[in-house]
Structures are given as structure tokens and as C-alpha cells.
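**Q** quick one, what's the 3D model for this:
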Amino acid sequence: MKVFKFGGASVNNPDKIRKLPAILNALSGEKLLVVISAMGKTTNALEKVTQAFYSGNSEKAMELFNNIKQDHLDIAADLLPAKHRNSHSRLPDFFTEIEWLLHDKPARDYDYYYDQIVSIGELLSTSIVSDYLNASGIRNHWLDVRDVFATDNQFRSAGLDWAKTADNTDHLVAPRFRETDMVLTQGFIGSTDANENTTLGREGSDYSAAIFANLLNAVSVTIWKDVAGLMNADPKTFPDAQVIPSLDYDEVIEMAFYGAQVIHPKTIKPLQNKNIPLFVKCFADPALPGTTIHAKHILQLPPILVIKKSQTLIHLRSKDFSFVGEESAARLYSILSGLHIQANLLQTGAVILQVCVDEDEEKTGKLLSETAGLFDVETENGLTLVTVRHYQPEILQSLLKEREMVLQQWSRETVQTLVR
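**A** Below is the predicted model:
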């Protein structure tokens, strides 16, 4: 049993989808679970639908959704001869789910509607791809992952109920492999006990693949991306970025924690628990070696550069100039946890706490509201967080040249600098 995951860039148009059979045929005769993301920028487009709906502009929301609907119908028509368009029998049901919601008025919080709307992207893409593969002679069973992944109701960052999900996997997924060698399903999404859609966090399809690999005792997971492998920096920003041939689990977790757009932070643990290797391969050129992630510690890694723009620095100063002690810090961490905000950098002084977070007007507003009773609060937006692992002095100097330093932290392996 192997698990493959294809990201949105691998299925964002008919030409790329037509490349899937060549990759999948290489595993002919093996059991394969395939996880597929929403097509291209569909998630971003559905986010705009959610924003329009929640702001009360139902007409604009419907217009935006109709564009998404037509794009998927066009792709299905391009890929599938009429006699193979089984997805058309599913697509209207998914369209109707959203259209009914958009004719209503929001009565719950934004995150709830986000999950109900955005999760449809994966259902649309997998329906089309599954039918295309069947029409191409690659027999597969399409599976609605919402029937399998049981979660809590923490919308936009749902927690998995591992026991229920394991039971569902045993009863709904494993038996399918007695009928076919391939099961094709969605990443990123799940469902509550009340059958409400949930999402596992942005880029959660990687995590979905790891969950299935863990529960099905897969021999490996392969994530297919539009790059040659995991790189030590974003090649769009650093043209001389290089592929890292091999990484250990811990290093990838560190990279993800600091904001590298590599693998979803939750992905590694389910694989590490069962020592399942993870391969990152190039969709455009499967012959490239890519990157292997495993338990073996890797020495002499190159400097790894992570640039996070659009950062907010929040200054939390003691109201009475008393020391900021463990109780204040604990209270701040509790507030951050309750709001599902990650502190990208946190520094403690005698009378001040400074916390750097991603710019998010809604979440930051809630954070400021909850901390105002404890601290005098100031914020600064528009900052950039530069993180270098396995740093070298000359690289750090080059990155910080002509930038004004706001805050800096060092450890043996990592230096983080917040700059204007």
C-alpha cells in the first residue's frame, strides 16, 4: 500500500490532469490511495465567495461561485467524453450545497461558513479526476473523505478524532481495496458528528495523506509538487535555491514551524510514529530524484532561508510596571491558543512581552481585545520575519542589508530577525 498526494498545481488544468495516467501507470498492480487537492487557485476563489457572502453581498458571492462552477464544468467537458461524465451526476449536488447556503443569510461565525464553502473545491476536483482516470482505463473508487475523517467542530483548524477515523477507515476504505487497486479521495477536509464540513488548516491535504498512510500502514507517502523537491529557500525569491536530497523528520518540522512552504506542520508526526518515509517528487519530471524525508539524521545541511512577509508585532507592556512573570506569559499563551494564533516570534523582557504574528485583522483584533485588560498594547504592521537555519554570517548579513532590525533571536541552529 502506497499513498500519493497531488497538489492543486498538479491538477489545475486539463493538460496537467492528462499527465496523471503516466505517473499512476508506473504503479500498476500495487494498492494505491490517492489524495487530491482543489484545482489551482480554487481555494482562493472560494475564499472570496465566503468573504462576499459573510459581508452580506449574496449577489456578488453567487456571481463568484458561478465562475468557479463554470470553470469546473468546462474542465469536465474538455476531459471527458459524454458517456464517461459520471462526475456530472455528483457535481450538481455539490453545486447545490453551496447555492442553497448562499441564498441564506449568515447567522454563525465566519470560520463556520468558510469550511462549508471552501471544502467544496476538493470534492469538485476529485470527482472530475476520478472519472477521467476511469475513462482512461485506470480503475479507481471515488471516496468522500467526509465519511471517513471525523473531526471536532473547530472550524478552519479541525482536530481529528483518531479513534473514529481509524474505525471509519477499517469499515469504509480498506474494503474498497478488495474491489480495486486504487481509491481516490480528497485532502484538507473532514466532517463533524453533525455532518458539517470542516477543514484541517491550509495545505491540510499533506496531513490528510499522512493520516491515511498511518491508518493503512502504508509503506510510503509521495507528495507530487511543481518543484524538483524540497528546497533550502523559495526559488521565486532566491533563484540560486537548491534541492535538498534528504531530510530527517525533525528538520522538516522545524522548517514548517518557521513558515517554510514545504510540508504541512502536522504531516510529519503520523509518519514518524510508524517510520513511514515521505518522498517529495516533481510532477513535471517524475524522473528527478526529489527529496526523501525519513528518520535518519542528516548532517551538514545547507542554510535554510524562510521569509515571512505581512507580519504584525504586538507590544504588551505591564500596566503598572510590575515584572512580566510566568503568570502573564502563561495567560498570553492561553489567549493565543484559544484564538488559534501561532506566535512566530516571542520575546520577554522585564515589563514587556513582544509577540510577532501573521497579519490577520480579525484575529489580531480579538487578541488585542483579550489582552487589553492585562497590558498596555501597541502594534506595528507591515514587517518581515527572516529566519535562517544552519546560518552562516555572510548569508545573514546579505539578507539583512539595508533593512532596519526591529527584533532578533538566536539559538545554536536558528536566527530569526524581524525587520522593517
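
**Q** and stretch 97-110, how far out from the chain middle?
**A** Offset of stretch 97-110 from its chain centre (Cα atoms, centre = their mean, to the nearest Å): 24 Å.

**Q** oh, that last question was meant for stretch 345-357, not what I typed.
**A** Mean-position distance between stretch 345-357 and its chain equals 27 Å (Cα atoms, centre = their mean).

**Q** make 6 the starting number, not 1.
**A** Renumbered: residue one is now 6, and that last one reads stretch 350-362.

**Q** got a list of contacts for that stretch?
**A** 316-323, 326-329, 333-334, 337, 341, 346-349, 368-369, 372, 380, 388, 390, 412, 414, 421, 423 (Cβ atoms under 8 Å, 6 or more residues apart in numbering). The way it works is simple: take the backbone N, C-alpha and C, and place the C-beta from them, glycine included.

**Q** now that stretch: buried residues?
**A** 350-353, 356, 358-362 (16 or more other Cβ atoms under 10 Å).

**Q** same deal with stretch 408-417?
**A** By 16+ other Cβ under 10 Å, the buried positions in stretch 408-417 come out as 411-412.

**Q** for it, how far is the first residue from the last?
**A** 23 Å (Cα to Cα, to the nearest Å).

**Q** now do it, average pLDDT.
**A** The average of the pLDDT scores along stretch 408-417 is 92.

**Q** tell me how far that stretch lies from the chain's centre.
**A** Stretch 408-417 has its C-alpha centroid displaced from the chain centroid by 27 Å (Cα atoms, centre = their mean).

**Q** could you do stretch 264-284 as well?
**A** 12 Å.

**Q** what residues of that stretch count as buried?
**A** 264-265, 267-273, 275-277, 281-284.

**Q** who's in contact with it?
**A** Stretch 264-284 is contacted by residues 205-206, 208-212, 214-216, 218-219, 222-228, 235, 239, 254, 257-258, 260-262, 285, 295-300, 309, 311, 313, 349, 390, 392 when judged by Cβ under 8 Å, 6+ apart.

**Q** can you flag the buried ones in the residues you listed?
**A** 205, 208-212, 214-216, 218-219, 223, 225-228, 235, 254, 257-258, 260-261, 285, 295-299, 309, 311, 313, 349, 390, 392.

**Q** so what's Arg151 closest to, chain neighbours aside?
**A** Leaving out its chain neighbours, the residue that sits closest to Arg151 by Cβ to Cβ, 6 or more residues apart in numbering is Ser196, at 3.9 Å.

**Q** quick one, which of the contacts of stretch 350-362 are buried?
**A** Buried members of the contacts of stretch 350-362, counted by 16+ other Cβ under 10 Å: 316-319, 321, 323, 329, 333, 337, 341, 346, 348-349, 368-369, 372, 380, 388, 390, 412, 421, 423.

**Q** among these, name the ones in helices.
**A** Mapping those onto helices (DSSP state H) picks out 333, 337, 341, 368-369, 372.

**Q** now, the buried ones among the contacts of stretch 350-362 that are in strands?
**A** Using DSSP state E, the subset of the buried ones among the contacts of stretch 350-362 located in strands is 316-319, 321, 323, 380, 388, 390, 412, 421, 423.

**Q** ranges for the helices of the chain?
**A** 19-22, 25-30, 47-59, 63-84, 92-107, 115-123, 125-140, 167-173, 209-220, 254-262, 273-278, 331-343, 366-376, 398-405.

**Q** name the residues that touch the shortest one?
**A** What that stands for is helix 19-22. Contact with helix 19-22 is made by 14-16, 80, 83-84, 133-134, 137, 288, as judged by Cβ under 8 Å, 6+ apart.

**Q** which one of the residues you listed sits closest to Leu32?
**A** Distance ranking of those against Leu32, using Cβ to Cβ, places Phe288 first at 14.9 Å.

**Q** what's the burial count for that closest one?
**A** When neighbours are counted by other Cβ atoms under 10 Å, Phe288 registers 19.
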